[in-house]
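Asker: Predicted model and sequence below, questions to follow.
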Amino acid sequence: MANMITVMVMIIMAPSLGPKRVGAQPHQHVVGDDRGWDTSSDIATWSSGQNFRVGDKIWFAYAAAQESIVELKSKDEYESCDLRNPIRMYTDGLDSIELVEEGIRYFVSSKSESCQKGLKLHVEVMPSGNPDTEMPKVAASENSVLADAVAPTTPSGSNPLSGNSMWLFIGLWLCICIAI
């Protein structure tokens, strides 16, 4: 009976004991979380809790009939919401942008008035690697750098232990049932 319990525990825990990841895995960032890219979203607060790395993707979700996103080249264009010379326009309503190299990228609303109200995102893309050893700089606007950081009110969408914890719970439950 004890051997059977040991085998059951090992089978159930095997997925959590698999090969360990080397380096950081790419992360999917949904800008503005559940609210998406919208004037009601607090993009500055959202971005303050993000670490952007090479290989990550940024997802913009918005109403394409009412909004679009412009990528700008310079900090001056970004800060002044100068939309005259965009690098690229995003107009699909659900745009995925892969961060393929280190550096700074500037995204703003295609509507000047929305941009002026803070609907813009400044991203510093850090090298891929261990996010626990480096802290990247992220700011949605110059004002957000000067403001006090606000802790997120909702947990991140990623929880790498949730699946393993579930299997552990099931395994322990089965062991208790078998032992009884």
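Answerer: Done, it's in. Residues are numbered from 1 along each chain as shown.

Asker: CA atoms only for the helix or strand where residue 124 lies - export them in CSV, please.
Answerer: Taking DSSP states H and E as the criterion, residue 124 maps to strand 120-125. Extracted C-alpha coordinates of strand 120-125, given in CSV (Å, rounded to 0.1, in the frame of the first residue of the first chain):
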residue,chain,number,x,y,z
LYS,A,120,0.2,56.9,-24.5
LEU,A,121,2.8,54.3,-23.6
HIS,A,122,6.6,54.6,-23.4
VAL,A,123,8.3,51.3,-23.3
GLU,A,124,12.0,50.6,-22.5
VAL,A,125,12.8,47.1,-23.8
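
Asker: what pLDDT, on average, does it get?
Answerer: The pLDDT scores in strand 120-125 average 95.

Asker: from what I can see residue 100 touches residue 54, true?
Answerer: Yes - under the criterion of C-beta atoms under 8 Å, residue 100 makes contact with residue 54 at 6.7 Å. Where C-beta positions appear, they are placed from N, C-alpha and C, glycine not excepted.

Asker: more neighbours, those two?
Answerer: A direct count of neighbours by other C-beta atoms under 10 Å for residue 100 and residue 54 places residue 54 higher, at 17 against 10.

Asker: The more buried one: what's it in contact with?
Answerer: 99-102, 125-128 (C-beta atoms under 8 Å, 6 or more residues apart in numbering).

Asker: Mind doing that once more with 7 Å?
Answerer: 99-102, 125, 127-128 (C-beta atoms under 7 Å, 6 or more residues apart in numbering).

Asker: I'd like to know which of those residues are part of strands.
Answerer: Under the assignment DSSP state E, the contacts of residue 54 contribute residue 125 to strands.

Asker: and the contacts of residue 54, which are buried?
Answerer: Taking 16 or more other C-beta atoms under 10 Å as the criterion, what is buried in those is 99, 125, 128.

Asker: in the protein, which spans are helices?
Answerer: For the chain, the helices defined by DSSP state H cover 2-13, 43-48, 75-80, 112-116, 142-146, 162-179.

Asker: what helices or strands is the fourth one leaning on?
Answerer: Okay, so that is helix 112-116. Helices and strands touching helix 112-116, as assessed by 3 or more C-beta pairs under 7 Å, 6 or more residues apart in numbering; DSSP states H and E, are absent.

Asker: quick one: buried residues of the strand holding residue 124?
Answerer: Neighbour-count burial for strand 120-125 flags 120-123, 125 (criterion: 16+ other C-beta under 10 Å).
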